[in-house]
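Enquirer: predicted model and sequence below, questions to follow.
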Amino acid sequence: MNNELIVTSSPHVRSQDSVKKIMWSVVLALLPAVFAAVYFFKARALSVVLTAVVGAVLTEYIFQKIRKKKITIEDGSAVVTGLLLALTLPPSIPLWTAFFGSVVAIGLGKQVFGGIGQNPFNPALVGRAFLTAAYPVLMTTWTVDGVSTATPLSQMKMDGIATDTWNLFVGQIAGSLGETSALALLLGFAYLLYKGYVNWRIPLAMIGTVFIGTFVFGADPIFHIFGGGLMIGALFMATDMVSSPTTKAGRWIFGIGAGFLVVIIRLWGGYPEGVMYSILLMNTAVPLIDRYTRPRSLGEVK
Amino acid sequence: MKALTFKQGIHPEYNKDLTKDKPLKNAKRPEEVIIPIQQHIGAPLKTLVKKGDQVDLGQKIADGDSFVCAPIHASVSGTVKDIRKVTDPGGNVVEAVVIEAAEEDTLNSGLEKHDNLDGLDVDEIRHIIREAGIVGMGGAMFPTHVKVSVPDDKNVDYVILNGAECEPYLTVDHRVMVERPKSIIFGLKALMKASNAPKGIIGIEDNKPEAIESMRDAAKNDDNIEVQALETKYPQGGEKMLIEALISREVPAGGLPLDVGVVVNNTSTAAAVADAIRDGKPLYERSISITGRGINSPQNLIYRVGTTIGELIEQAGGLKENAAKVITGGPMMGVAQKKFDVPAVKGTSGILVLIKDEVENFEPSPCISCAKCVDACPMFLMPTQLVDYAKHEMVEELEEWQVLSCIECGSCSFVCPAKIPLVHHLRLGKAQVMAKKREEN
């Protein structure tokens, strides 16, 4: 019997959470947005989503195979990246482009840094940034019911046309697959919040800053928080655990910083939308933010 | 009254139902005891007996000249059969006195009995506590007389008794509070007198309503003693968490509760103080929970110090077929044992046996910076960062990021979804800093 006893250091019990559980919960939380996309953009949306997910998982698999690492595609993290990328793409995007975006997201956004946990940027946004730079026309062609149209943000920016708030909220508008329905995104986010798998400080700070910022500078704040990619960006991308701060104060700073950049880009920049670059820029500051927001430990004398 | 608590922390499954309603009963008197001659934090002792000596129950068998030490007493009457090296529950190899028990016990401790504290002055109480070999029974085994010997330049206004028992599974303090509340109050008064503290507080987690009620009833005539309910949250029984929760004071890093006017003791320690003063009984026996799903008949026993954990497990019905891990103490901070001939000592408050299903599946994966550990740490440290520094032996950073404040409660490892043994790395980090400090001196 003696030899059979297991000896390890304490603690001897662990919580039931696992990385796999967290990632698959995020997948589940993104499903309402996927359903909304399919509802508004029909089968086309589904093919984009599936292509991006397959592209991401396949890329992860091939990289791990080449690097002779343990294959971890079942942990769900590549599925999350594929899903998130797909939700930032216009429904009319050619499928090969979506696939290519996923390859870049996982390849350049994640695996070159060493895989899960090592990426300084949100991989899905790296993929999207690449596509935006490489295929600007494909990435800004929006069709609703077969008719080409502009997104509410560019209508506002270029022509000063506002969109009905209710349509913005439920998603009856032109835009990327997942940025249209704020309702579906909030539903998924609420689920993650309930599970304790997401922090609320970053989205609150980011959306709050955009609201206040656009209001102060005379724009319509409601329009700005529900229009464009702010919801999906703030709720699901800025909150990416790996590429966001670990301290409470850091999360506030990160969210406020990203929100501030969104306001600047949207109101004065050349692009109608600024969520992607705002988050990517703030990603670069995360190590610094963590460093300067270390909480005072209990009893610490400075 | 609202239950008080500290900030952050975790909520493990408590599993106290296995033993919480099992009254304390005496374990079978062992035929042989193996008593380690180092059962405290502090200076080493000298063994006072030799092979072949006859000893009485409660007779001192080891003592030291240093202030920070606590003597050891025979836990049975009998013959010293051997003096040899053994492994204690902490994994240290120490000298031990092996006593073969005689037919009957004769208590012969040399301690006088006192019905009340009126005739005793501060020094006399401290002396009794020392002579009775009383140490912190929550597990740390720091000599109690040292704790209450408040230096002249310090003022203590509270003696806090720790009845939180925040470790899952364990129900010893709970049973002692339910069954011996008057002894605990007597011991608390002695500790208050010994440290010149005007007030006493007993903090108990609110998952033990019976204990709270029992202690409140026993303390109802004492205006200077308060029984306070605490939120059930781990590590509520950590000294610093307890002080923060009860009186909102922060023990400075590297300092002692004494620095904020507090002395903290375990409730079972207080009961042992009462036994020493009233019955002249040194600390040679204590209560323990023998529990877990790998134990046939979980229960709370009173055992003689030096009884092997194997013998105690036998008395709780033995191990189940699928038992896989034997731990002395609780699941969060206890020590996994490799052998059954390890003697239980003054600080052993539990034997926990986990089954196969409960210990598998801890294969670590890469950190995803979820910060669950940062949000759990009751000391407000950043385990993610510290682990990185420890792995790369970045001693300066470790020190700057306060690794020495880590109380090794295990909350970070518990919550980690990647199953990284964070606290293990933090211990290594602490060792690196300590090694550097020693080098500098």
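Expert: Noted; the coordinates are in hand.
Enquirer: next up, phi/psi of B:Ala62, please.
Expert: Dihedral pair for B:Ala62: phi -160, psi 140, per degrees, to the nearest 10.
Enquirer: so it is in contact with B:Ile83, correct?
Expert: No - if you go by Cβ atoms under 8 Å, B:Ala62 and B:Ile83 don't touch, sitting 10.2 Å apart. Just so you know, the C-beta spots here come from the backbone N, C-alpha and C atoms, and that holds for glycine as well.
Enquirer: and those two? Which one has more around it.
Expert: Each of B:Ala62 and B:Ile83 has its neighbours counted (other Cβ atoms under 10 Å in any protein chain shown); B:Ala62 has more, 25 against 16.
Enquirer: go ahead and confirm A:Val48 touches A:Trp96.
Expert: No - judged on Cβ under 8 Å, A:Val48 makes no contact with A:Trp96 at a distance of 11.1 Å.
Enquirer: these two: which is more packed in?
Expert: A side-by-side neighbour count of A:Val48 and A:Trp96, using other Cβ under 10 Å, places A:Val48 first with 28 against 10.
Enquirer: what sits against that one?
Expert: A:Ala86, A:Leu89, A:Pro91, A:Ile93, A:Leu95, A:Ala98, A:Leu177 (Cβ atoms under 8 Å, 6 or more residues apart in numbering or on different chains).
Enquirer: go again using 10 Å as the cut-off
Expert: Applying Cβ atoms under 10 Å, 6 or more residues apart in numbering or on different chains, one finds that A:Val48 lies in contact with A:37, A:41, A:85-87, A:89-95, A:97-99, A:101, A:176-177.
Enquirer: next, the buried residues of whichever helix or strand it is part of.
Expert: Using DSSP states H and E, A:Val48 sits within helix A:43-66. Across helix A:43-66, burial judged by 16 or more other Cβ atoms under 10 Å in any protein chain shown covers A:44-46, A:48-49, A:51-60, A:63-64.
Enquirer: contacts only, for B:Lys154.
Expert: For B:Lys154, the contact set (Cβ under 10 Å, 6+ apart) comprises B:Ser195, B:Asn196, B:Leu256, B:Leu258, B:Asp259, B:Val260, B:Gly261, B:Val263.
Enquirer: ok, how many other residues are close to the closest residue to the first one other than its chain neighbours?
Expert: If you skip the residues right next to it in sequence, B:Ser195 has B:Val148 as its closest partner in space, 4.2 Å away by Cβ to Cβ, 6 or more residues apart in numbering or on different chains. Using other Cβ under 10 Å as the criterion, B:Val148 is surrounded by 26 other residues.
Enquirer: what does A:Val79 give?
Expert: 22.
Enquirer: what secondary structure does it sit in?
Expert: Put simply, A:Val79 is helix when judged by DSSP: H, G, I helix; E, B strand; the rest coil.
Enquirer: verify the stated contact: it with A:Val34.
Expert: No - between A:Val79 and A:Val34 there is no contact under Cβ atoms under 10 Å: 11.5 Å.
Enquirer: joint contacts of the two?
Expert: With Cβ under 10 Å, 6+ apart as the test, A:Val79 and A:Val34 both reach A:Val27, A:Val53.
Enquirer: strands of the stretch 301-441 of chain B, residue ranges please.
Expert: B:323-328, B:335-337, B:350-355 (DSSP state E, counting those that start in this stretch).
Enquirer: now do the stretch 101-250 of chain A
Expert: A:142-144, A:147-149.
Enquirer: any stretches of the stretch 201-350 of chain B with poor pLDDT?
Expert: Within the stretch 201-350 of chain B, no stretch has pLDDT under 70.
Enquirer: enumerate the residues of it near chain A.
Expert: B:234, B:238, B:240-241, B:243-244, B:249-255, B:259-260, B:292, B:310, B:319, B:323-327, B:329-341 (Cβ under 10 Å from any Cβ of the partner chain).
Enquirer: give me the nearest residue to B:Ile290, chain neighbours excluded.
Expert: Leaving aside its sequence neighbours, B:Ile290 sits nearest to B:Ala316 (Cβ to Cβ, 6+ apart; 4.0 Å).
Enquirer: quick one, what contacts the one you found?
Expert: B:Ala316 sits next to B:19, B:22, B:27, B:288-292, B:295-301, B:351, B:353 when contact means Cβ under 10 Å, 6+ apart.
Enquirer: how about a cut-off of 7 Å?
Expert: By Cβ atoms under 7 Å, 6 or more residues apart in numbering or on different chains, the residues touching B:Ala316 are B:Ile290, B:Ile295, B:Asn296, B:Ser297, B:Pro298, B:Gln299.
Enquirer: most neighbours, which of these?
Expert: B:Ile290 (28 neighbours).
Enquirer: measure that residue to chain A for me?
Expert: 16 Å (Cβ to the nearest Cβ, to the nearest Å).
Enquirer: which strand or helix spans that residue?
Expert: With DSSP H and E as criterion, B:Ile290 is part of strand B:285-291.
Enquirer: packing partners of that strand?
Expert: helix B:172-179, strand B:299-304, helix B:309-315, strand B:350-355 (3 or more Cβ pairs under 7 Å, 6 or more residues apart in numbering or on different chains; DSSP states H and E).
Enquirer: what lines up beside it in the sheet?
Expert: Partners of strand B:285-291 in the sheet, by DSSP bridges, are strand B:299-304 (antiparallel), strand B:350-355 (parallel).
Enquirer: burial measure for the residue of the stretch 151-300 of chain A with the smallest separation from chain B, as a count.
Expert: The minimum distance from the stretch 151-300 of chain A to chain B, using Cβ to the nearest Cβ, falls at A:Thr246 (3.8 Å). By the criterion of other Cβ under 10 Å, A:Thr246 has 25 neighbours.
Enquirer: so what pLDDT did residue 84 get?
Expert: No chain in the question, so chain A it is. You'll see A:Leu84 listed with a pLDDT of 95.
Enquirer: other chain: chain B
Expert: 94.
Enquirer: touching, it and B:Val97? I think so.
Expert: No - B:Arg84 is beyond contact range of B:Val97, at 8.9 Å (criterion: Cβ atoms under 7 Å).
Enquirer: quick one, which of the two is more surrounded?
Expert: B:Val97 (27 against 11).
Enquirer: leaving out chain neighbours, which residue sits closest to that one?
Expert: In this structure, B:Val97 finds its nearest non-sequential neighbour in B:Ile35, 4.9 Å apart by Cβ to Cβ, 6+ apart.
Enquirer: in what helix or strand does the one you found lie?
Expert: Going by DSSP H and E, B:Ile35 is in strand B:32-36.
Enquirer: quick one, that strand and strand B:299-304 angle?
Expert: Angle, strand B:32-36 to strand B:299-304, by axes from the mean of the first three to the mean of the last three Cα atoms, to 10 degrees: 80 degrees.
Enquirer: strands paired with strand B:32-36, and their directions?
Expert: Paired neighbours of strand B:32-36 in the sheet (DSSP bridges): strand B:93-101 (antiparallel).
Enquirer: report all helices and strands that the next helix or strand after the strand it pairs with contacts.
Expert: Counting by DSSP H and E, the element after strand B:93-101 in chain order, helix or strand, is helix B:122-131. Helices and strands touching helix B:122-131, by 3+ Cβ pairs under 7 Å, 6+ apart, are helix B:144-148, helix B:181-194, helix B:267-279.
Enquirer: counting contacts, what elements does the first one pack onto?
Expert: Here helix B:144-148 touches helix B:122-131, strand B:262-266, going by 3+ Cβ pairs under 7 Å, 6+ apart.
Enquirer: out of those, which one sits most buried?
Expert: A comparison of the helices and strands packed on helix B:144-148 by mean neighbour count, using mean count of other Cβ atoms under 10 Å in any protein chain shown, puts strand B:262-266 on top with a mean of 26.
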